[in-house]
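J.: here is a sequence together with a model predicted from it:
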Amino acid sequence: MSTTTRTATTTIEYDDKSVRWFLIASIVWALVGLSAGVLVASQLNFFQMNFNMEWLTFGRLRPLHTNAAIFAFVGNMMFAGIYYSTQRLCRCRLGNDLLTKIHFFGWQLIIVLAAITLPLGYSRGKEYAELIWPINILVAVIWLVFAANFFWTLAKRNEKSLYVAIWFYIATIVTVTMLYVVNHLSLPTSFLHSYPIFGGVQDALVQWWYGHNAVAFFLTTPILGIMYYFVPKAAGRPVYSYRLSVIHFWSLVFIYIWAGPHHLLNTALPGWLQTLGMLFSLMLWAPSWGGMLNGLLTLRGAWDKLRTDPVIKFFAAGVTFYGMATFEGPLMSIKSVNALSHYSDWTIGHVHGGTLGWNGFMAAGMTYWLAPRLWNTKLYSQGMANLHFWLGMVGILLYVAAMWVSGITQGLMLNDTIEQGTLLKYPNFLDTLQAIRPMMLFRLIGGGLYLTGFFMLAFNIYKTVKSGSPVNGTVEVESAMQEMTGDEKKFRGYLNPPVIYSVLILGSAAMLIFGKGPVFLVGVFFTGVFTLAAISHFEFSGAKWSEWYDQLLEHGLTFTVLTIIAAAIGGAVQIIPTVTVQRASNIEGRLQIAYTPLELTGRDIYVSEGCYNCHSQMIRTMTPDILRYGDYSRLGESIYDHPFQWGSKRTGPDLAREGGDIQKGAELMRVGKRSNDWHYLHLVDPRQVSDGSNMPNYDWLQFKDAKTGTLMSKINAMRMLGVPYDIGLSEEEVMAEYNLQAQEIVDDLAASGVFVEKEKQIVAVIAYLQKLGAFEMTNEKKKQEKEEATHLPFESVATATPANN
Amino acid sequence: MSHEPPSVKQEDLPKGVVLKEHTYDGIQEYDQRLPRWWLITLYGAMLFAAAYFLVYQYYSGSQSNQERVEDQMKQINAIRLANSIDVTNNDMFWDMSKNSSFLTAGEKTYQSNCVPCHGADLKGGIGFNLVDGEWVHGAKPSDIYTTVFDGVPDKGMQAWGPVLGQKQITEVVAYVMSKNDEATLRAAGE
């Protein structure tokens, strides 16, 4: 390593001021994000908790809760941890002070903008990607500022090779960039609104590739990096195993990306993708536990501190929750388990085991460790920190256990049948909601306890900061670092056995996945051969491989490129074929009927109100789903949906087949499972027709005018995205069609004694709901289904839907 | 930063435990062998995945989700057919409407599914009044049954057949009939 023997040294002062800022920001946003969580949790039990204000409805605040918790709380915490540790691991000051400042203030600006726009109902309608496009651009820019600053720091480092924490930071930065950009590609229709360029199944796949890996690369990898720095520091123990770090890092980065489709199991998503999603989730178990093992076994020998030191307590519990959540995840990815757990509270419990347990506790541990060091003092109260730990612990356990019971109870009830499986035992969805209300109350209590803990942290840190004074760390470095790189051997970054074998194995595995006939057999053969060759080669010359890896760690750029490749493969294999595939094979014989101008307007209101947070539009290939909601959903039925609205949670019932045909005698007005006045009453006050519902009142929909000013540019954008609207359509024609359909609905409502003006939002929303699931058959499919229908004595349930022609 | 971890020295360690030479900001690293069970889990999952993918995607006997659920729905329809009730038999409905066990069951089904539109007192609301002697979609018991089973898609009444099944719908029809005056209803059905 270092050949420098000169004694000339320089003192470098770390930029710990920025670390302090990020740390304080993370505490402030934690309180906001967690409070929002407790509020929306309470709304599920007490619908009045939005105080009848549109800005506080569940549909609008739940995105605020998730965005604040993920990007504001954990985001700022992660920046504090990364900036603190990277400076020390590189023994140099952060890349550039100006960039650091832009990063800090830019990120806080984004959060403030999000906190304003989300309650106002400006949303892209994709989970964890709700922010509107101008903010998206700002996020991308600030993230690149962070990236530039980080890599600048690496470039001027006074430490030859990269510590494992840095690997995880690199993976975070490059992968989040990739995920964020692809999932936010949109076509703007106005300054505040855009349509995602992907629609239907493509959007679903891209969304969950992003959504799942936001968890992986925003909530997991950076925190693992932070664990690798702060846990050995706090415990005063060496990291358990370097080689475990190597293996679990690369397997995590490679495998995680593939697992996204497990959010779409048993849906219309093509089978091979579902299978890949499930299998890669199972394979993810061991790499995740590798991280947990390295964390917990590093603490081995420091267990005595567990009793006294709150920092160690938080870290040990946080890593344990990480292990629990990453065991639960693969379990829930098994298709048959998922048939029960999906769309239920079990998923919510799983997520919060990870976020409250892993992210929240790691953040608390890091904060309690950092604050005294950043302000050169002692923690104000160890006792209070210990109390925070126990409050948080009880809170999580209550929360997670309640959600398990709730999710499994409701899942079982929804899937329960009688009469030899021919009828649902609980045909009324609301019966299953009433059954889980006590559990939702326990969740609220658990979440409340956890929030109380964080208020104690805030107070404790406030007192600590007041008792100390800011101090910046320093380090002595040899002045002649450049010489250290002078003796470097020639480094063959890419042409090395580990890389070559990986390429060969992946290439043949790709043949195996996509190939037919001989290509497939060749793929199977060579995957086996290359795997065996790699194993035996490693057995003989493993030392050389590790030598290569040690050298790789000195080459940040090569390391980064390899990380990008490893992380990009999974997405490429899954997304590119789905996006480029022939449309005919992607619609399963059914083609969605494009929305009329009024229906499109209603859909935009549906999206902006965040209805997808509680209502799915995807009937799975499962008999209980079919018995409850109608024929299972086909890909073609949502092909024009930008964004897709398949949903991820059913707090209320699925809406995929809520709509129906055009009413006899009407020009455009459709009537589905329920009449217009039913929908009207249900939107204004759901409890009028659904006794015991927990849906908020949407009574402002009857008073507010629907915005039609940008309708023309919305239709043009839709046409550019491939939705078949007539090219020659003029604004007058569009508005004429809009008014005609609205008038029909208004007249129909008036006939039932409900009077509303046709400009109001509620008319558009009703039009949209009555359209859901409308499709036309493509020719060859029509014939086939007709033949089948003649065999059945009464109309088969599988085709008995109002939307069916 | 006073809190540097106390350094562990290689010579103090038991045989076989390797400590990496290099430290980062005072952080040392062991190079412990990987736990055997962990390796088995890792490689086992990979082997399982490869095998599962091959069998599931290429074994001719394996069904797609869609094929599987279509088969299951056919079985369900077969069971329904085998247990089907002759719902054209109007006398059966009249008998049922006088049998309290059917009426209790019918009332329960009515209360949990029909009340939002037809009212707890059957006097209507969103849907028609069921006790005013007016039967727009037919007054014969079998007509009433058909109306409930198939719904009235044009008026926003959903088809209850798939949800409630023949048995529960006949019970509901019997319950509704019992709330009407028999003579008037019979006359309306003529």
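T.: Sure, I can see it.
J.: doesn't residue A:447 lie inside a strand?
T.: No - applying DSSP: H, G, I helix; E, B strand; the rest coil, one finds residue A:447 to be helix, outside a strand.
J.: grab the nearest non-local neighbour of it.
T.: Closest residue to residue A:447 apart from its sequence neighbours, by Cβ to Cβ, 6 or more residues apart in numbering or on different chains: residue A:38 at 4.9 Å. For the C-beta atoms, the positions are set from N, CA and C on the backbone; glycine is no exception.
J.: over to residue A:100?
T.: Excluding the flanking residues, the one nearest residue A:100 by Cβ to Cβ, 6+ apart is residue A:18, at 4.7 Å.
J.: likewise for residue A:568?
T.: Nearest to residue A:568 is residue A:178, by Cβ to Cβ, 6+ apart, at 6.6 Å.
J.: with residue A:439 instead?
T.: Nearest to residue A:439 is residue A:406, by Cβ to Cβ, 6+ apart, at 3.5 Å.
J.: quick check: residue A:49 touching residue A:41?
T.: No - if you go by Cβ atoms under 8 Å, residue A:49 and residue A:41 don't touch, sitting 9.2 Å apart.
J.: mind giving me the domain split of the chain?
T.: As the question left the chain open, I've gone with chain A. For chain A, the structural domains run A:12-238+A:245-469, A:497-586, A:592-791, going by automatic domain parsing.
J.: wrong one, I was asking about chain B
T.: As assigned by automatic domain parsing, chain B contains the domains B:10-58, B:86-189.
J.: circling back to that earlier point, the residue nearest to residue A:439: what's it in contact with?
T.: When contacts are counted by Cβ atoms under 8 Å, 6 or more residues apart in numbering or on different chains, residue A:406 touches A:344-346, A:349, A:436, A:439-440, A:443.
J.: swap in residue A:378?
T.: Contacts for residue A:378 (Cβ under 8 Å, 6+ apart) come out as A:372, A:464, A:467.
J.: count the neighbours of the first one for me.
T.: If I follow you right, that is residue A:372. By the criterion of other Cβ atoms under 10 Å in any protein chain shown, residue A:372 has 19 neighbours.
J.: could you name the helices and strands sitting against the helix or strand encompassing it?
T.: Applying DSSP states H and E as the criterion places residue A:372 in helix A:361-374. If you count contacts as 3 or more Cβ pairs under 8 Å, 6 or more residues apart in numbering or on different chains; DSSP states H and E, helix A:361-374 packs onto helix A:16-45, helix A:75-90, helix A:221-235, helix A:310-332, helix A:382-415, helix A:429-467.
J.: same thing but at 6 Å, please
T.: helix A:221-235, helix A:310-332, helix A:429-467 (3 or more Cβ pairs under 6 Å, 6 or more residues apart in numbering or on different chains; DSSP states H and E).
J.: out of the ones you listed, which is closest to residue A:367?
T.: When the helices and strands packed on helix A:361-374 are compared by Cβ to Cβ, helix A:429-467 sits nearest residue A:367, at 6.4 Å.
J.: distance from the chain centre to the closest one, please.
T.: 22 Å (Cα atoms, centre = their mean, to the nearest Å).
J.: do the same with stretch A:10-27
T.: Mean C-alpha position of stretch A:10-27 versus that of the full chain (Cα atoms, centre = their mean) differs by 29 Å.
J.: contact partners of it?
T.: By Cβ atoms under 6 Å, 6 or more residues apart in numbering or on different chains, the residues outside stretch A:10-27 that reach it are A:73, A:76-77, A:79-80, A:83-84, A:87, A:92-94, A:100, A:104, A:374, A:458, A:472-477, A:479.
J.: how about stretch A:187-203?
T.: By Cβ under 6 Å, 6+ apart, the residues outside stretch A:187-203 that reach it are A:122, A:132-133, A:185-186, A:206, A:578-579, A:635, A:638-644, A:710, A:713-714, A:717.
J.: go on, stretch A:178-186?
T.: Stretch A:178-186 is contacted from outside by A:129, A:133, A:136, A:194, A:196-197, A:206, A:210, A:213, using Cβ under 6 Å, 6+ apart.
J.: out of these, which is nearest to chain B?
T.: residue A:213 (18.8 Å; Cβ to the nearest Cβ).
J.: which of the three states applies to the nearest residue to the closest one once chain neighbours are set aside?
T.: Nearest non-adjacent residue to residue A:213, counting by Cβ to Cβ, 6+ apart: residue A:179, 5.3 Å away. Following three-state DSSP, residue A:179 is assigned to helix.
J.: run the chain-centre distance for stretch A:89-99.
T.: 30 Å.
J.: what's the end-to-end length of it?
T.: 20 Å (Cα to Cα, to the nearest Å).
J.: and stretch A:551-561, which residues are buried?
T.: A:551-556, A:558-560 (16 or more other Cβ atoms under 10 Å in any protein chain shown).
J.: centre-most residue in the chain?
T.: Using chain A. Centroid-nearest residue in chain A: residue A:211, 2.7 Å away (criterion: Cα atoms, centre = their mean).
J.: you answered for a different chain; I wanted chain B.
T.: Central residue of chain B (Cα atoms, centre = their mean): residue B:163, at 10.1 Å.
J.: ok, and the closest non-adjacent residue to that residue?
T.: Among residues not flanking residue B:163 along the chain, residue A:427 sits closest, at 4.8 Å (Cβ to Cβ, 6+ apart).
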